[in-house]
Every structure is written in C-alpha cells, then in structure tokens.
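>>> what follows is a protein structure lacking sequence information:
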C-alpha cells in the first residue's frame, strides 16, 4: 500500500488524496504544482519553507539506480565488448531515457520525500492534520 501511494503520488497521511494538481507528469507547465493541502484529509504538502530542497538528493539517487539497472540489463541482454561501440549505445540510450523520465523522477522524489516526513495515520478521519509552521501565515506577517 505504501509503495502504491508513493508511485501514484498520493498523500502519505491518508493515502487517498492526490498531492499534485495534475496527474500528467509531462504537462511541463503544471507538473510540479501541488495542492496546498491534501484534498481528502487536509494534510499540508509544504511543511516549511524550502522543504523540498532535499528532493534533489532523492532524484539523484533514483537516476543513479536507474542507470545501474539499465547498465546491468544491457550487459546481460546485449553484452559489452571492447571492440564495438556497445557502451556508447548504452550511454546514448541511458541519457535519452533519463531525459524522458526526469519529469516522473522529479514528482516521485517529492512524493518519497513527503512520505518520509509525514507518516500514514490509519485513524486520519478521527484526527485533524498537524498544524505546521508553514500554514500559520498570520504569525509570519507579524515579524
């Protein structure tokens, strides 16, 4: 259930509400726009200012894992040789697919990052979502 919620970009608290305003990762104009709160349980999606800066590390780890997986798959299926250009063909294939998958990896890294800081609550219907510092805007304006 956790993996399904992360892969489909669902709220980590209720695992029902969608965290992005659009489902299409390739709508490049709107692909990173998130709801301020989960439309089902009210969980805040941006917990604090700069919360998603750490997702660059997650996205990097995803791209490295993908590159290692494609390298091993290429090696097992097609093989590598010092006498042909098979490694160059893999580099081209890997580079092109990484560029094509980057919008999805960016969204997936945000979904993973949020799920590590907001835990699933099976009783979310009976409890109010945590009130994080980010949503108390009146106090921020008084500074």
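Now that the structure is in, tell me what you want to look at. Bear in mind the structure is a predicted one, so any value in this text is a computation, not a measurement. Numbers count the residues shown, from 1 in each chain.

>>> what about the helices in the chain?
For the chain, the helices defined by DSSP state H cover 2-7, 55-77, 86-117, 137-141.

>>> isn't residue 33 up against residue 20?
Yes: using C-beta atoms under 8 Å, residue 33 makes contact with residue 20 at a distance of 6.7 Å. Heads up, the C-betas are built off the backbone N, CA and C, glycines and all.

>>> settle it for me: which of the two has more neighbours?
The neighbour count for residue 33 versus residue 20, taken as other C-beta atoms under 10 Å, is higher for residue 20 (20 against 10).

>>> tell me the pLDDT at that one?
pLDDT for residue 20: 93.

>>> beta partners for it?
Applying DSSP bridges to residue 20 gives these bridge partners: residue 34.

>>> number of nearby residues for residue 66?
Counted with other C-beta under 10 Å, residue 66 comes out at 15.

>>> what's it in contact with, if anything?
By C-beta atoms under 8 Å, 6 or more residues apart in numbering, the contact set of residue 66 is 97-98, 101, 105.
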